[in-house]
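1. Sequence first, predicted coordinates after that:
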Amino acid sequence: MLHRRIAYGAALLLALLLLLCSTGYAALFLLFLLLVLPLLSLVLSLPAVLGSVLSLTHTPTSPIRGGESSWTLSCSSRSPFPLTRFRARVVLESPFSAQRMVRRVDIREGERVWTQGVPTEHCGAWTCTVHRPRLCDFLGLFSLPLPAPKPDTLYVFPTPREAGPVPQLTWEGGQSVQWKVRPGGGNTEDYDLREYRPGDPMRLVHWKLSSKREELVVKEMLEPCRPTLLLTFDHFGTPEELDAVLERLLAISRLLLSQNTPHIIQWAHPVSGAVERCPVADAAALTEALQRILCQPAPLQGRSILDTAAPHPAGDGTPRRLHVTPALWQEGGWP
């Protein structure tokens, strides 16, 4: 745009000199034409500017690490006048990896689309923001502002893998079964015995045992309960370590969901130590948890969830925890 303004200024100066050195009407007409053309160009460009629409999209919708993905910035107009040169500044930011890139967009006449590839070497969340979009007039002397599209966020998810060997986390069989008192009583084959308390229904009295002990003994109906399962990890490390952690975390979480086992993903803020948690009961909740993880900064060093006094999670039974690391997992109960 600058060189066009310089060329227009030189042409205008030449027309003035020609007018001073000439007595005819040709020089005056040339000067008048040079003065009117920019205004005419600006007026003819206004319908295209008012009817222009910018859209920012990304493909694919949910890219995975190592795959191909890109943003597309397109400019269209409902005006019958053709679109002219389009310019903008695009900022790409990833809080997860603390990266920032700035790109200059220059779409010339006849073009409508600008494409930018997305780094997918590591997991993360990238936000694309368009700053100062402007459309030039036909002569390229003026730039008119356009409404910027909303920032678009793209999540690079971990590569899906098999969970591999993991400890017995479910409540089926063996010592992992835990029991709780069944609300309302009812008839079950599993029960515990205790002394009679005023208000207990007489139908729950174990008469045979009561006659032997010479005191009333009642049956307390029990039902199995699922312990709260916690998948914890440390939200810091190198990009390679975080990729490995998130891949294992995704694999184990999907394995638990396939067994109809809800769980909680939990981590600590690497700086403040504040405990973050996301309940996961289905695939949509798992995706939401991953998005929340990828939107937070992940420095090289930070505070571990194992060193944080996390509140006791609500739920039935004693919680069980599986701490996911880049190399393996670490099983443990609630400290």
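-> Cool, the structure landed. Remember, predicted model here, so these are calculated numbers, not experimental data.

2. Verify the contact between T232 and L306 for me.
-> Yes: with contact defined as C-beta atoms under 8 Å, T232 counts as touching L306 (7.5 Å). C-beta coordinates here come from the backbone N, C-alpha and C atoms, glycine included.

3. and for the two, which residues touch both?
-> Residues touching both T232 and L306 by C-beta atoms under 8 Å, 6 or more residues apart in numbering: H323.

4. buried set for stretch 54-68?
-> L54, L56, H58, P63, I64, R65 (16 or more other C-beta atoms under 10 Å).

5. now, among the residues you listed, which is nearest to F157?
-> I64 (5.2 Å; C-beta to C-beta).

6. Backbone torsions only: list them for that closest one.
-> phi -110, psi 160 (degrees, to the nearest 10).

7. what pairs with it across the strands?
-> F157 (DSSP bridges).

8. could you pull out the strands for the stretch 151-300 of the chain?
-> Ranges of strands within the stretch 151-300 of the chain are 152-156, 178-181, 191-195, 217-225, 229-233, 263-268, 275-280, based on DSSP state E, counting those that start in this stretch.

9. For the fourth one, give the mean pLDDT please.
-> Throughout strand 217-225, pLDDT has a mean value of 64.

10. Can you give me the domain boundaries for this structure?
-> Listed by automatic domain parsing, the domain ranges of the chain are 1-157, 179-224, 229-333.

11. Determine which stretch of the ones you listed is the most buried.
-> Greatest average neighbour count among those goes to domain 229-333 (a mean of 17), per mean count of other C-beta atoms under 10 Å.

12. State the phi and psi torsions of L216.
-> Dihedral angles (degrees, to the nearest 10) for L216: phi -70, psi 130.

13. Touching, it and M202? I think so.
-> No: if you go by C-beta under 8 Å, L216 and M202 don't touch, sitting 9.0 Å apart.

14. looking at this, P119 is in a helix?
-> No: per DSSP: H, G, I helix; E, B strand; the rest coil, P119 lies outside any helix segment and is coil.

15. tell me the contacts of A125?
-> Counted by C-beta under 8 Å, 6+ apart, A125 has contacts S94, P95, F96, T153, L154, Y155, V156, Q291, L294, C295.

16. Now the last one: closest residue in space that isn't a chain neighbour?
-> The spatial neighbour of C295 that comes closest, neighbours along the chain excluded (C-beta to C-beta, 6 or more residues apart in numbering), is A125 at 4.9 Å.

17. So which of the domains of the chain is nearest A163?
-> domain 229-333 (4.0 Å).

18. Mean confidence (pLDDT) on the closest one, please.
-> pLDDT averaged over domain 229-333 gives 84.

19. ok, which stretches of the protein are helices?
-> 2-21, 25-50, 207-213, 239-258, 283-294 (DSSP state H).

20. Provide the strand pairings for the longest strand seen in the chain, with the direction of each partner.
-> Identified as the longest strand of the chain according to DSSP state E is strand 124-136. Sheet pairing for strand 124-136, assigned by DSSP bridges, gives strand 86-94 (antiparallel), strand 143-145 (antiparallel), strand 152-156 (antiparallel).

21. can you redo those strands as a markdown table with distance to W71 and mean pLDDT?
-> Below are these laid out as a markdown table (distance: least, C-beta to C-beta, whole Å; pLDDT from 0 to 100):
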| stretch | distance to W71 | mean pLDDT |
| --- | --- | --- |
| strand 86-94 | 8 | 91 |
| strand 143-145 | 21 | 81 |
| strand 152-156 | 7 | 93 |
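
22. now for these, which one comes closest to L18?
-> Using C-beta to C-beta, the nearest of the strands paired with strand 124-136 to L18 is strand 143-145, at 29.5 Å.

23. and E241, how far is that from L256?
-> E241 sits 23 Å away from L256, going by C-beta to C-beta, to the nearest Å.

24. ok, for F142, nearest residue in space, not its chain neighbours?
-> F142 sits nearest to L42 (C-beta to C-beta, 6+ apart), 5.6 Å away.

25. Please name the residues that touch that neighbour.
-> L42 neighbours (C-beta under 8 Å, 6+ apart): D137, L141, F142.

26. again with F236
-> Applying C-beta under 8 Å, 6+ apart, the residues contacting F236 are L242, P270, A298, P299, L300, Q301, G302.

27. about what we covered before: could you tell me the per-residue confidence at the residue nearest to F142?
-> 72.

28. next one: stretch 142-153 to chain centre, how far?
-> The chain centroid and the centroid of stretch 142-153 are separated by 22 Å, computed with C-alpha atoms, centre = their mean, to the nearest Å.

29. How about stretch 94-107?
-> With C-alpha atoms, centre = their mean, you get 16 Å for stretch 94-107.

30. try stretch 36-44
-> Using C-alpha atoms, centre = their mean, the offset of stretch 36-44 from its chain centre is 45 Å.

31. Spatially central residue for this protein, please.
-> In the chain, the centroid-proximal residue (C-alpha atoms, centre = their mean) is Q291; its distance is 3.5 Å.
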